[in-house]
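In: What follows is a predicted structure for the sequence shown.
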Amino acid sequence: MFVGNLSSASKVVTFESAPFLNDLENQCAEILPSKTPSRVRALKQIDNLRNLPVNKLELCDKRIEARPSVCSVGSDSPEFLITPSPVHHGLREDDVFGKLLHNFGYKKVYLASARTICNRIPIWHLQRPTNLTRIDEIIKHKRETHAFPGVVSIFDYELLQGPSLEKPQKTGIFDGQHRVLAINQLLKETPNIDMEILIEVYPVESEEQIKSLFLELNKAEMVQEIDLPNRIAPQKKIIVDEACSSIRQQNPTMFGNERCRPPNIHEQTLRNDLFQSGVLEIGNIQDSESLVELIEKCNEILAELPDSEWSIQLQRNLPKAKRSSFFLGLTKSWIHDIMIKKILQNEPRIL
């Protein structure tokens, strides 16, 4: 149940003290680590909603009733209890995006049906590769609550009638893909329910605008260079992605997040390191199988090194590496010193 203020002069409802916004803030504090970009963006969107005026006529799908216990006589801004109704598709201003909450000019914020978004809006074709492990983690934590803080960012070619060679998608999700894919899986598990999510829709006229929006929204996050639009040929990116995914599937316990410690390794960092090294060009690698074979050979060479070759600090991590027969996370220099110099260029020095 939401609490809003109804001004007797303007007849405008504001959600300044709405408990559901407080709930969202609490969820952000509980789920998202402090000072992370995702939390900052989520809290910023909540602040925008607190200052959002909604005309009373736009609340035709909600029942508003005054309670004497919270309404003081003669008050200029009496409080009302607003009970939201379930998702009503017939009352939406847009068949796909849902109920328009506010038009900022440069973007529009909607309260959308999650099922409609999942069924009607594709992922941007230049989006970063999907991290299936991240999706599984989201599903695990959200299976009971179905509460998703933050917004999903979507671009829309408003004047485009349909896709074309230059503009293959009329609309697409360019931020929040993992949340949407997790929501889609949860909706498949419960086909008789729907949920509401906040989306922000940016009108665009070119792919360059979408790329700029992508970089702007992610500039505070650790976006790998390989994931920046047009930084690598699509086929080469596929080779790197498939190879890293294969290595991870073979050694699932040795992969962690971006703050993991040796001998564990971060998949996205590995992808980016391989891209930046130029190994595909140096070795003329044409498929992911060849890259996987090369990575495995590097791991074998590292496994054969005597303990004395490792620094004292890394020697503490050797037992775990030996138990898993996985040594790639002990040092980042193996790509340059072993893969490129020793294997591809036949130089004798290892580390």
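Out: Cool, the structure landed.
In: going forward, measure contacts between C-alpha atoms and count neighbours the same way
Out: Fine.
In: sec struct for residue 168, please.
Out: For residue 168, the reduced secondary structure class is coil; criterion used: DSSP: H, G, I helix; E, B strand; the rest coil.
In: separation between it and residue 201?
Out: Computed with CA to CA, to the nearest Å, the distance linking residue 168 and residue 201 is 18 Å.
In: Next: residue 343.
Out: As for residue 343, its distance to residue 201 is 49 Å (criterion: CA to CA).
In: So which of the two has more stuff around it?
Out: The residue with more neighbours, out of residue 343 and residue 201, is residue 201; 20 against 17, by other CA atoms under 10 Å.
In: Tell me the strands beside the helix or strand that contains that one, with direction?
Out: Using DSSP states H and E, the element containing residue 201 is strand 196-203. As defined by DSSP bridges, the strand partners of strand 196-203 come to strand 108-113 (antiparallel), strand 152-156 (parallel).
In: Can I get those strands in TSV including mean neighbour count?
Out: Shown next, in TSV, are the strands paired with strand 196-203 (neighbours: other CA atoms under 10 Å):
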stretch	mean neighbour count
strand 108-113	22
strand 152-156	23
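In: got these as CSV, with mean pLDDT columns?
Out: Compiled in CSV, the strands paired with strand 196-203 are given as follows (pLDDT from 0 to 100):
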stretch, mean pLDDT
strand 108-113, 93
strand 152-156, 94
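In: For the ones you listed, give me JSON lines that also has distance to residue 332.
Out: Conversion of the strands paired with strand 196-203 to JSON lines gives the following (distance: least, CA to CA, whole Å):
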{"stretch": "strand 108-113", "distance to residue 332": "43"}
{"stretch": "strand 152-156", "distance to residue 332": "34"}
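In: Residue 178 is nearest to which of these?
Out: Between residue 178 and the strands paired with strand 196-203, the shortest gap by CA to CA is with strand 152-156, which sits at 9.8 Å.
In: Helix or strand next in line after that closest one, which one?
Out: With DSSP H and E setting the assignment, the helix or strand that follows strand 152-156 is strand 171-175.
In: May I have that next one exported as CSV, CA atoms only?
Out: Listed next in CSV are the C-alpha coordinates belonging to strand 171-175 (Å, rounded to 0.1, in the frame of the first residue of the first chain):
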residue,chain,number,x,y,z
THR,A,171,14.1,-1.5,-30.0
GLY,A,172,16.4,-3.4,-27.6
ILE,A,173,17.6,-3.8,-24.1
PHE,A,174,21.1,-2.4,-23.7
ASP,A,175,21.4,-2.4,-19.9
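In: what comes into contact with it?
Out: Strand 171-175 is contacted by residues 121-124, 127, 152-157, 210, 214, 217 when judged by CA atoms under 8 Å, 6 or more residues apart in numbering.
In: Nearest to residue 267 among those?
Out: residue 127 (16.8 Å).
In: Excluding residues flanking it in the chain, which one is nearest that closest one?
Out: Using CA to CA, 6 or more residues apart in numbering and skipping residues adjacent in sequence, the residue nearest residue 127 is residue 174, 6.2 Å away.
In: Please report how far the one you found lies from residue 129.
Out: From residue 174 to residue 129 the distance is 12 Å (CA to CA).
In: can you pull up the bridge partners for residue 156?
Out: When bridges are taken as DSSP bridges, the partners of residue 156 come out as residue 171, residue 203.
In: Surely it touches residue 207?
Out: No - taking CA atoms under 8 Å as the contact criterion, residue 156 and residue 207 are not neighbours in contact, 10.7 Å apart.
In: And the strands in the chain, which stretches?
Out: When secondary structure is read from DSSP state E, the chain shows strands at 2-6, 12-14, 53-55, 62-65, 79-84, 99-103, 108-113, 152-156, 171-175, 196-203, 255-256, 265-266.
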